[in-house]
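here's a sequence, model it:
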Amino acid sequence: MIKIDGSLIIQMVNFIVLIWILNFILYRPIRGIIARRREKVNGLEEGIERYEHDAAEKDNALQAGIKEAREKGQKEKEALEEQAREKERQMLEQINEKARADLAEIREKVADEAESARKALEPRIDEFADQISEKILGRAVQ
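Model (predicted):
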């Protein structure tokens, strides 16, 4: 059987001293190391979050820059296309104007040539009429 005597008090004091010594020598340093490690991990996690946030902001800025550059490029492209259409319109207008002038000149030449041919053939109308009549009738007409 177990007797409760003075050795129980000695064991209790021994246990309390042992807990105090272990706390002072072993547990406090370990808790300090764990606390420093926790602070370091928290700091690293905050750094990671900060870098992720910065990366997301930079990505957003890059996407916005790309979008802006595309819009600017599209506007410049449209402006260049409009300039090209205007230049094409001007060139076609010049070509059409030259073609009209050439056509008028050719018509004038043809009219002049037709008039000169008419004037050249007019004195011979009677002669041609006689020749045609002879061919149709198959005999000489007087």
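
quick check: longest helix of the protein.
helix 28-121 (DSSP state H).

output the contacting helices and strands for that helix.
With contacts defined as 3 or more Cβ pairs under 8 Å, 6 or more residues apart in numbering; DSSP states H and E, helix 28-121 has no helix or strand neighbours. From N, CA and C alone the C-beta is placed, and that goes for glycine too.

would you mind writing the CA trace of the helix or strand bottoming out on mean pLDDT in the chain as PDB?
Here the helix or strand of the chain ranked lowest by mean pLDDT, DSSP states H and E is helix 125-137, holding a mean of 81. Listed in PDB are the C-alpha atoms of helix 125-137, where the atom choice follows Å, rounded to 0.1, in the frame of the first residue of the first chain:
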ATOM      1  CA  ILE A 125     -21.700  62.400-154.300                       C
ATOM      2  CA  ASP A 126     -23.200  62.400-157.700                       C
ATOM      3  CA  GLU A 127     -20.500  60.100-159.000                       C
ATOM      4  CA  PHE A 128     -21.000  57.600-156.200                       C
ATOM      5  CA  ALA A 129     -24.800  57.700-156.600                       C
ATOM      6  CA  ASP A 130     -24.400  56.900-160.300                       C
ATOM      7  CA  GLN A 131     -22.100  54.000-159.500                       C
ATOM      8  CA  ILE A 132     -24.500  52.600-156.900                       C
ATOM      9  CA  SER A 133     -27.400  52.900-159.300                       C
ATOM     10  CA  GLU A 134     -25.500  51.100-162.000                       C
ATOM     11  CA  LYS A 135     -24.600  48.300-159.700                       C
ATOM     12  CA  ILE A 136     -28.200  47.900-158.400                       C
ATOM     13  CA  LEU A 137     -29.800  48.200-161.800                       C
END
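
so which residue is smack in the middle of this structure?
Arg70 (3.7 Å; Cα atoms, centre = their mean).

show me how far the longest helix of the chain is from its chain's centre.
In terms of Cα atoms, centre = their mean, to the nearest Å, the gap separating the centre of helix 28-121 from the centre of its chain is 7 Å.

picking up where we left off before, give the full set of residues in contact with the residue nearest to the centre of the chain.
Listed by Cβ atoms under 8 Å, 6 or more residues apart in numbering, the contact set of Arg70 is empty.
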